[in-house]
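for reference, the sequence and a predicted model appear below.
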Amino acid sequence: MLQLLANAHVFAPEDLGVRHVLIGGQRILGLLNDPDDVSTPGLTVLDLDGQRLLPGFIDGHAHITGGGGESGFASRVPPVPVSHFTRAGVTSVVGVLGTDDTTRDTRSLVATAYALREEGISAWCHTGGYHVPPVTLTGSVRDDIVFIDPVIGVGELAISDHRSSQPTLDELLRIASEVHVAGLITGKAGILHLHLGDGKRGLAAVRKALSQTEVPARVFNPTHVNRQSALLDEALELARAGVVVDITAFPVDDEDDAVPAAVALQRYFAAGAPASNVTISSDGGGCLPVFNDAGEMLSMDIGSPTCLAATLKAALAAGMLLEDVLPAFTANVAQLLRLRRKGRIGPGGDADLIVLDSHNDIVDVMANGRWHVRNGVQQIYGQFEKEDKI
């Protein structure tokens, strides 16, 4: 099937102006200056009338099997349905395990990634979870990455958090080296995706790793760096040293010390940190708990992929330019994760696309050449979503 998206204002993520995007099957075939350059039987033409066309979001941190479990078995969050990703503009996702890597494991994570692929989006996952030694499928971090297609790294391994295994520097470095070598062997991401808690040690372990070893800075990928203002400042310094830092698009109350994702991104750019070393993820499906000093849960919210779209809208409302902020949702993530056909609009790339209206709302979403959302209406649901079949 050939499709032509005519009169699209293309942000690839850079601003390319009005172009005409030719799609064949799951790929982008070309960006044309004149729609009359292509004429073939069976061509479907959709006139976007100047609306902005963006690459699909790549959500580098989501609990696709569900998170939670920190206040009893009933607090285990269910898996995230595919439509919850696509209606938020997410066309590619990386699944992680969190605190509960006991009742959940890498097997279920891999199976869920395959299921999301069958339902039309692109999906990968990390092996391991919060704890050391990492929960694996084969018994080896390196073997999981090398031999299991969806597995691209380790994470989210917890540091500076009362729920972590309190890993030593040597333990972190051993895992980081295994991940790095597996990435070299396979061409996969080969990253150690690090959950940051509220602990006073912050990012000290990563600073020590960079100063004392030869492990490349790109291997260390801390997330939730905006959960405290001081932690964000630490992350800015690491970004200057070559670490790609991940901002989480979680809701923030006025009295919290956390920094809203759009504000954190604004601070990042204002500090002059490298534009390519920042990403934004949703923590979709993850538990967002509040603990007291005794480590007891006081309340719990659940992360949503829709926070990504809300963050982009907030950044644009604050006066940031679309071409400046968009890479953190797209091209930067693709570069970190070595997803060579993702994150950009160009010939040979996957047909993962978002259409924004004049209010900066997502109205259309295409994943792998298929429309999942059209005119704000969901077109494709997961097998058990649309009606209660259980």
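Yep, that arrived.

any idea how far Ile145 is from the nearest residue to Ala217 once chain neighbours are set aside?
What sits nearest to Ala217 in space, not counting adjacent residues and going by C-beta to C-beta, 6 or more residues apart in numbering, is Gly242, at 3.4 Å. For the C-beta atoms, the positions are set from N, CA and C on the backbone; glycine is no exception. Taking C-beta to C-beta, to the nearest Å as the measure, Gly242 falls 21 Å from Ile145.

show me which of those two is the more surrounded one.
A count of neighbours by other C-beta atoms under 10 Å puts Ile145 above the other of Gly242 and Ile145, at 26 against 14.

list the buried residues for the helix or strand encompassing the more buried one?
Taking DSSP states H and E as the criterion, Ile145 maps to helix 141-147. With burial defined by 16 or more other C-beta atoms under 10 Å, the residues of helix 141-147 counted as buried are Val141, Arg142, Asp143, Asp144, Ile145, Val146.

next up, the contacts around the second one.
Going by C-beta atoms under 8 Å, 6 or more residues apart in numbering, Arg142 touches Glu178, Val179, Val181, Ala182, Ile185.

which residues in the stretch 101-250 of the chain form strands?
With strands called from DSSP state E, counting those that start in this stretch, the stretch 101-250 of the chain shows them at 122-127, 151-159, 191-196, 220-223, 245-248.

helices of the stretch 101-250 of the chain, start to end?
106-118, 141-147, 169-186, 204-212, 229-240 (DSSP state H, counting those that start in this stretch).

JSON lines for these, including mean pLDDT and distance to Pro251?
Output for these, formatted as JSON lines (pLDDT from 0 to 100; distance: least, C-beta to C-beta, whole Å):
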{"stretch": "helix 106-118", "mean pLDDT": "97", "distance to Pro251": "24"}
{"stretch": "helix 141-147", "mean pLDDT": "98", "distance to Pro251": "33"}
{"stretch": "helix 169-186", "mean pLDDT": "98", "distance to Pro251": "30"}
{"stretch": "helix 204-212", "mean pLDDT": "97", "distance to Pro251": "26"}
{"stretch": "helix 229-240", "mean pLDDT": "97", "distance to Pro251": "16"}
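
need these in JSON lines (columns: distance to Leu22).
Output for the helices of the stretch 101-250 of the chain, formatted as JSON lines (distance: least, C-beta to C-beta, whole Å):
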{"stretch": "helix 106-118", "distance to Leu22": "25"}
{"stretch": "helix 141-147", "distance to Leu22": "35"}
{"stretch": "helix 169-186", "distance to Leu22": "32"}
{"stretch": "helix 204-212", "distance to Leu22": "44"}
{"stretch": "helix 229-240", "distance to Leu22": "37"}
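
and Leu353, which of those helices is closest to it?
Closest to Leu353 of the helices of the stretch 101-250 of the chain is helix 106-118 (C-beta to C-beta; 18.0 Å).

that closest one to strand 151-159, inter-axis angle?
130 degrees (axes from the mean of the first three to the mean of the last three C-alpha atoms, to 10 degrees).

outside of helix 106-118, which residues touch it?
By C-beta under 8 Å, 6+ apart, helix 106-118 touches 64-65, 79, 82, 85, 93, 95-97, 123-128, 135-137, 144, 148, 150-151.

mind checking how far it is from the chain centre?
16 Å (C-alpha atoms, centre = their mean, to the nearest Å).

what does stretch 57-65 give?
Distance, centroid of stretch 57-65 to centroid of chain: 5 Å (C-alpha atoms, centre = their mean).

tell me which element the closest residue to Asp361 other than its chain neighbours falls in.
Using C-beta to C-beta, 6+ apart and skipping residues adjacent in sequence, the residue nearest Asp361 is Lys313, 7.1 Å away. For Lys313, the host element (DSSP H and E) is helix 306-317.

check which residues of that helix are buried.
Those would be Thr306, Cys307, Leu308, Ala309, Ala310, Thr311, Leu312, Lys313, Ala314, Ala315, Leu316, for helix 306-317 by 16+ other C-beta under 10 Å.

pLDDT below threshold where in this protein?
Low-confidence segments of the chain (pLDDT under 70): 289-291, 295, 297-300, 386-390.

what helices and strands are in contact with the helix holding Lys313?
Where contact means 3 or more C-beta pairs under 8 Å, 6 or more residues apart in numbering; DSSP states H and E, helix 306-317 is packed against strand 57-62, helix 261-270, strand 278-281, helix 322-325.

between those, which one is closest to Arg163.
Per C-beta to C-beta, nearest to Arg163 of the helices and strands packed on helix 306-317: strand 57-62, 16.4 Å.
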